[in-house]
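[1] what follows is a predicted protein model with its sequence.
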Amino acid sequence: MTTTHAGASRGGAGLPLTATLGALGIVYGDIGTSPLYALKEAARAATNHGATTLTTDAALGVVSLILWALITIISIKYAMLIMRADNRGEGGIVALLALLSARNAKPGTWRAQLLLVGLIGAALLYGDGAITPAISVLSAIEGLKVDAPSLAPAVVPITVVILIGLFFMQSKGAGFIGKIFGPVMLAWFLVLALLGVYGIAHAPQVLAALSPLYAVDFLLHQNFHISFAILGAAFLAVTGGEAMYADMGHFGRVPIRLAWFAIALPALVLNYFGQAAYLITDPKAIDNPFYQLVPDWAHYPMVAFATVATVIASQAIISGAFSLTQQSIQLGFLPRMQIRHTASHEIGQIYVPLVNWLLAAATLGAVIGFGSSDALAGAYGIAVSLLMAITTLLAALVAIQWGYAPWLVILVNGFFLIIDGIFFAANSTKLFEGGWFPLLLAGAVAFLMLTWRSGVRLVEAARGKLRQPEEELIETAVNKCHARLQGTSVFLASSPHGVPLALTQFVKHNHVLHERVLIVTVLIEEAPRIADADRVEIVEVVPGITRIILHFGFMQYPTISEGLRLACEQGKLPGIDLADVSYYIGRETIIPSDKVAGMAVWREAVFAFLQRNAERSAAFFGVPTKQVVEFGTEIEI
């Protein structure tokens, strides 16, 4: 149980209807395409060892379970409770970690353990990001088999072509697609609702499943293993719901809730009930109840429409992976990577080439390796259910930190944690049916995150031993460097204290300083954004030497040249021409060693590889290339 933190959500300040339409496309694309496969998989699990027909009781039980999963997990837990745990309007795992100050926790403390849990949660999003486009687009294209079973061999190749096109498009920016996200998904939800009403009209007795007793009674009267299989399959209906929280900062709490309760939820419920109603009238339609519900004349148009909807859902997932990567880099959880801004006026319009192609390889591998949405269903859900459990746990700790009574938090969040645990246990039964795939991806990402985080700490400790005390710099500037070079030099420093190694190297080899020396440090704060008025902090070391600390939020891109320009505009750096400044940056070579206490040597070698291939500091921080001078240093860890 949580409440709103200081600061309002940015998205809520805009036009509610515009933001609500945008939320339909970005936030609900994933969960909005779940009807393509969710009820089908749950119904198959309920047929008891592969029967080809479904009983009426089973249809009612399955759709009741899906309905109350949507209400309990999405409507109550996420929309009404979890979305209150915002970091000045921002949501998601990274925002929760920032709220809990886990980033700077000392090793061995409970906050450090939270960081481990949170990083695993962030890594799970990448596993989800690889599976979602694969299962969504596959399930849409599989509609071709309803009217033309002979086209079955073409499903995978068509899906691969569509996904390759989608990933190639990322470098061009998805702004033109973004403009149609909302309207297309609004039309999609309208079609879902109409199909649902059409199905319900043929078997109105399906409405009895509105009672949760049908779900409970059905599960209790099944074999334990079958009940777990049904729960795991039904969970597919709520995958994508975590986007409500992750994208809260883009649209605001009110538009996201309005889009869910007014449009997405009613349309989804109607469609699921329509599919169940169709199964009551035709129990053999279990192969693909979604497309069977569509009138014959509309099958092919519906395949095309579903493909567009799943591409939109996939685009939202890919953009979310880019955004998560940027935040993780800012907070020091991942090495610096090349990040391109494809459209500054569009939400989340950045492109991270390395993440794009790694995600493409994982997604295409899933499509080719699993071959069908049925097989992929076994891989889907386990990562999302674990992520939801981690989110519930972290949100509970935030609530306690904000002063809520622990017994109340344990009662409320504990209830939802039990539900998350049940769904995770149900999905765990699919571990060897494909559930290992997203967990393997998440495990690899989590390992890299933790290795990078530990390596950065070791390097900073080594820097601290090599770093010259500020007093020695003052002594050098006052008593030893009487002659000064004309102009201004900027030295980038990783710490707001002491002397950067590049400056020490410069003085050691040249025995001289510039007339103006600026020591610039970029600090990423645990707030999403820092206002321009609070961006620049100036500390005069001695006349001619100035320390500048630039503060950025974890949702902002840390551009040093813009920070210095802002300082000049604010009158904090008078008399400096930024076009005539030289930037001196240290480039470090990491030497793994077992002589220094740290990680295992093989992990240090992995860290050294990541560090060598990370984006150069000058490029990442937006330093003009022609004004850069680099100093090399070897650091042993």
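    Received it, and whenever you're ready, just let me know what you need. Worth saying up front: this structure is predicted, and the values here are computed from it rather than measured.
[2] show me this protein divided up by domain.
    Using automatic domain parsing, the domain parsing of the chain gives 11-455, 468-636.
[3] wait, residue 500 sits on residue 489?
    No - look at residue 500 against residue 489 with CB atoms under 8 Å: they stay out of range, at 11.2 Å. (Glycine included, C-beta is placed from N, CA and C.)
[4] ok, back up a step: need the winner for burial among the domains of the chain.
    Most buried of the domains of the chain, by mean neighbour count (mean count of other CB atoms under 10 Å): domain 11-455, with a mean of 20.
[5] please name the nearest non-neighbouring residue to the residue nearest the centre of the chain.
    Centroid check for the chain by CA atoms, centre = their mean gives residue 324 as the closest residue, at 4.1 Å. Excluding the flanking residues, the one nearest residue 324 by CB to CB, 6 or more residues apart in numbering is residue 125, at 5.8 Å.
[6] picking up where we left off before, turn the domains of the chain into TSV, including distance to residue 462.
    Shown next, in TSV, are the domains of the chain (distance: least, CB to CB, whole Å):
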stretch	distance to residue 462
domain 11-455	10
domain 468-636	5
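[7] can I get those domains in JSON lines including mean pLDDT?
    As requested, the domains of the chain are exported to JSON lines (pLDDT from 0 to 100):
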{"stretch": "domain 11-455", "mean pLDDT": "87"}
{"stretch": "domain 468-636", "mean pLDDT": "85"}
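[8] who wins for proximity to residue 461 among those?
    domain 468-636 (8.6 Å; CB to CB).
[9] quick one: end-to-end length of that closest one, please.
    End-to-end distance for domain 468-636: 17 Å, by CA to CA, to the nearest Å.
[10] how close does residue 22 sit to residue 259?
    9 Å (CB to CB, to the nearest Å).
[11] could you do residue 196 as well?
    Applying CB to CB, the value for residue 196 to residue 259 is 18 Å.
[12] so residue 491, which of the three states?
    The three-state label given to residue 491 by DSSP: H, G, I helix; E, B strand; the rest coil is strand.
[13] where does the residue nearest to residue 211 when sequence neighbours are not counted land in three-state SS?
    Spatial nearest neighbour of residue 211, excluding adjacent residues (CB to CB, 6+ apart): residue 64 at 6.9 Å. When classified by three-state DSSP, residue 64 comes out as helix.
[14] ditto for residue 279
    Secondary structure state of residue 279, per three-state DSSP, is helix.
[15] contact partners for it?
    By CB atoms under 8 Å, 6 or more residues apart in numbering, the contact list for residue 279 reads 43, 54, 59, 285, 286, 289.
[16] would you check which pair of those residues lies furthest apart?
    Checking the contacts of residue 279 with CB to CB, the most distant pair is 59 and 285, at 10.4 Å.
[17] please tell me how far residue 357 sits from residue 445.
    Taken as CB to CB, the span from residue 357 to residue 445 is 15 Å.
[18] equivalent analysis for residue 594, please.
    Applying CB to CB, the value for residue 594 to residue 445 is 27 Å.
[19] also residue 336?
    16 Å.
[20] next one: residue 615
    From residue 615 over to residue 445 (counting by CB to CB), the distance is 18 Å.
[21] wait, isn't residue 139 in contact with residue 36?
    Yes - counting by CB under 8 Å, residue 139 touches residue 36, with 4.0 Å between them.
[22] between the two, which contacts overlap?
    Joint contacts of residue 139 and residue 36 (CB under 8 Å, 6+ apart) are 306, 310, 373.
[23] contacting residues for the last one?
    Right, residue 373. So residue 373 contacts 36, 37, 135, 138, 139, 142 (CB under 8 Å, 6+ apart).
[24] and what of the second one?
    Applying CB under 8 Å, 6+ apart, we find residue 310 in contact with 33, 36, 133, 136, 137, 139, 140.
[25] name the element the fourth one belongs to?
    Secondary structure assignment for residue 136, by DSSP states H and E: helix 110-141.
[26] can you name every helix or strand that the helix or strand just after that helix contacts?
    With elements assigned by DSSP H and E, the helix or strand that comes after helix 110-141 is helix 144-147. Applying 3 or more CB pairs under 8 Å, 6 or more residues apart in numbering; DSSP states H and E, we find helix 144-147 packed against helix 155-169, helix 299-330.
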